[in-house]
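In: Predicted coordinates and the sequence they were generated for:
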Amino acid sequence: MARASADRALMRRRRLGVLGLLGGLFVAGLAAANDLHLGAAAPPATLMSLDGRRISTDDLRGQVIILTFWATWCVPCRDELPLLSAYARAHAADGLTVLAFSLDDPEEADRVRVVARAFDGANFTSGLLARSSVPGYGRIWHIPVSFTIDRQGRLVDDGWKDKRPVWTRERLEAIVTPLLAATR
């Protein structure tokens, strides 16, 4: 009886320890996200696309870049993808690049391909966050969330601070269109 009670107490302490660790990682992720500064150099990000290409924001200097985070199970994300795709298509010649990071599990890659195929093609590139690298943006804990980088590599829109993070036509026109009009 005493042994069973001791085992339960040990398991409870282990669970609390794991929860504490996860909580610490969550806070650390928020702290990293809060370290983003508008007008400062954007943290580097690398997308491993669904077709195996490695695309780094460092290699895209001179482009306006939207990093967007989504998932197949996120209804607001799926609602914004057609708008973002149409905007990306309309402004590709103006120097716009959209990198779309899916939070779906790697085992769901086929499902992500099906959804992404409907929206990306030549318009923007999708990949799995789990296979990509975005360390300076904090833990992606709510979606959709996006970040915009200007042609000089500076962060101009911090999705963590957006009260309404879903892209709308008006928001794209207010944030991204002026950046595209700016010369290199």
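Out: That came through fine. Residues are numbered from 1 along each chain as shown.
In: from here on, contacts and neighbour counts on C-alpha atoms
Out: OK.
In: which residue is nearest the centroid of this structure?
Out: Compute the mean C-alpha point of the chain, and by CA atoms, centre = their mean the closest residue is F69, 3.1 Å away.
In: Check what pLDDT T148 gets.
Out: Confidence at T148, expressed as pLDDT, is 97.
In: Could you list the low-pLDDT ranges of the protein?
Out: Scanning the chain for pLDDT under 70 picks out the ranges 1-34, 119-122, 183-184.
In: Go again with 90.
Out: By pLDDT under 90, the low-scoring segments of the chain are 1-36, 50-51, 78-82, 112-127, 130, 138-142, 160-166, 182-184.
In: Show me the strands in it, by range?
Out: Counting by DSSP state E, one finds strands in the chain at the ranges 46-48, 54-56, 64-70, 96-102, 125-128, 145-149, 155-158.
In: Nearest to P76, out of these?
Out: Comparing the strands of the chain by their distance to P76 (CA to CA), the top pick is strand 64-70, with 8.8 Å.
In: OK, contacts around the residue nearest to the centre of the chain?
Out: If a contact means CA atoms under 8 Å, 6 or more residues apart in numbering, then F69 has 100-103, 140, 143-146 as its contacts.
In: what does V156 give?
Out: Counting by CA under 8 Å, 6+ apart, V156 has contacts 38-39, 147-150.
In: top of these by neighbour count?
Out: Neighbour tally across the contacts of V156 (other CA atoms under 10 Å): the maximum, 28 neighbours, falls on I149.
In: Wait, that residue touches A40, no?
Out: No. The pair I149 / A40 is not scored as a contact, 9.9 Å apart, by CA atoms under 8 Å.
In: what do those two both touch?
Out: What both I149 and A40 touch, as defined by CA under 8 Å, 6+ apart, is the set L155.
In: What about the residue lying closest to R151 once chain neighbours are set aside, how many residues nearby?
Out: Spatially, and ignoring its direct neighbours in sequence, R151 is nearest to G62 (4.2 Å; CA to CA, 6 or more residues apart in numbering). Residues lying near G62 (other CA under 10 Å) number 17.
In: circling back to that earlier point, mind listing what the nearest residue to the residue nearest to the centre of the chain once chain neighbours are set aside touches?
Out: Counting by CA to CA, 6+ apart, F101 is the residue found nearest to F69 once chain neighbours are left out, at 4.8 Å. Residues counted as contacts of F101 (CA under 8 Å, 6+ apart) are 47, 67-70, 126-129, 132.
In: on that earlier part again, now the residue nearest to the centre of the chain, which residues is it bridged with?
Out: Beta-bridge partners recorded for F69 (DSSP bridges): F101, V145.
In: any idea how far I143 is from it?
Out: Look at F69 and I143: by CA to CA, to the nearest Å, they are 6 Å apart.
In: mind listing the helices in this structure by residue range?
Out: Along the chain, the segments classed as helices by DSSP state H run 2-34, 75-91, 109-119, 169-175, 177-181.
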